[in-house]
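S.K.: Predicted model and sequence follow; I will ask about them next.
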Amino acid sequence: MSGLRAVLFDMDGTLVDTEEAWVEVVEKAAARYGHALMGEERRSVYGRSVEDTAELLYVSLGARREELAAELGADFAARLADGVEPRPGALQLLRMLRESGVLTALVSASPSAIVRRVATSLDGHRFDAVYGAEDTERTKPAPDPYLAAASALGADPARCVAVEDTATGVASAEAAGCAVLAVPSVEPIAPAAGRTVLTSLEEADLTLLRSLIVS
């Protein structure tokens, strides 16, 4: 019998095509302050929450952290107001899990209001738990969001597969003790112990997800 208890999904760049949109929002905000976001600084915002991004950049931009966070959050919400595009294979995989009775959670570092709005837009899929940045004391790359989601589902994190697209998210899931399925959206992620890497969710199915849990 499979040891898989739940599948915990990241949102931006994993289920919906918003990771680049987020980085573009940050780039435009930086440009308004006369700063070009480049290299490692640009890479550092992938998978990060609004507050963490403001914390990373406020010195470079010469801005107040609280004001910068509010600006980034409002700009990102406005960018997504017209809807989001599911990543290839996302809806099919969610449907497969629901039909098989596997619990699912949405675990994101985006603002909770945005996460809950997106959660209701994925072809009628109903997640068993939904977590945004404000729903835990710390967000990714800390393990708190994945630990909270697993607890809400009554699941041992070791019996959960976390599906992620960035190094920040992978670090969070692995610190929580989850098996990880990485589907990189913007930068490569190397395979490692307890971590499987695919090029698309179209390659994922229930058999693969079950195989990632060590019985």
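M.R.: Yes, it's here. Numbers count the residues shown, from 1 in each chain.
S.K.: can I get the CA coordinates of the biggest helix by length in the chain in PDB?
M.R.: Looking across the chain with DSSP state H, the single longest helix is helix 65-80. In PDB, the C-alpha atoms belonging to helix 65-80 read as follows (Å, rounded to 0.1, in the frame of the first residue of the first chain):
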ATOM      1  CA  ARG A  65      10.400  48.300   4.000                       C
ATOM      2  CA  GLU A  66       6.700  48.700   4.900                       C
ATOM      3  CA  GLU A  67       6.000  51.000   2.000                       C
ATOM      4  CA  LEU A  68       7.900  48.900  -0.400                       C
ATOM      5  CA  ALA A  69       6.100  45.700   0.700                       C
ATOM      6  CA  ALA A  70       2.700  47.500   0.300                       C
ATOM      7  CA  GLU A  71       3.700  48.700  -3.200                       C
ATOM      8  CA  LEU A  72       4.900  45.300  -4.300                       C
ATOM      9  CA  GLY A  73       1.800  43.600  -3.000                       C
ATOM     10  CA  ALA A  74      -0.600  46.000  -4.600                       C
ATOM     11  CA  ASP A  75       1.300  45.800  -7.900                       C
ATOM     12  CA  PHE A  76       1.300  42.000  -7.900                       C
ATOM     13  CA  ALA A  77      -2.500  41.800  -7.100                       C
ATOM     14  CA  ALA A  78      -3.200  44.300  -9.900                       C
ATOM     15  CA  ARG A  79      -1.100  42.200 -12.300                       C
ATOM     16  CA  LEU A  80      -3.100  39.100 -11.500                       C
END
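S.K.: what comes up buried for it?
M.R.: 68, 69, 71, 72, 73, 75, 76, 77, 79, 80 (16 or more other CB atoms under 10 Å). For glycine as for every other residue, the C-beta is placed from the backbone atoms N, C-alpha and C.
S.K.: who's in contact with the next helix or strand after that helix?
M.R.: For helix 65-80, the following helix or strand on the C-terminal side (DSSP states H and E) is helix 90-100. Residues outside helix 90-100 that contact it (CB atoms under 8 Å, 6 or more residues apart in numbering) are 7, 14-16, 104, 122-123, 125-126, 201-202, 204-206, 209.
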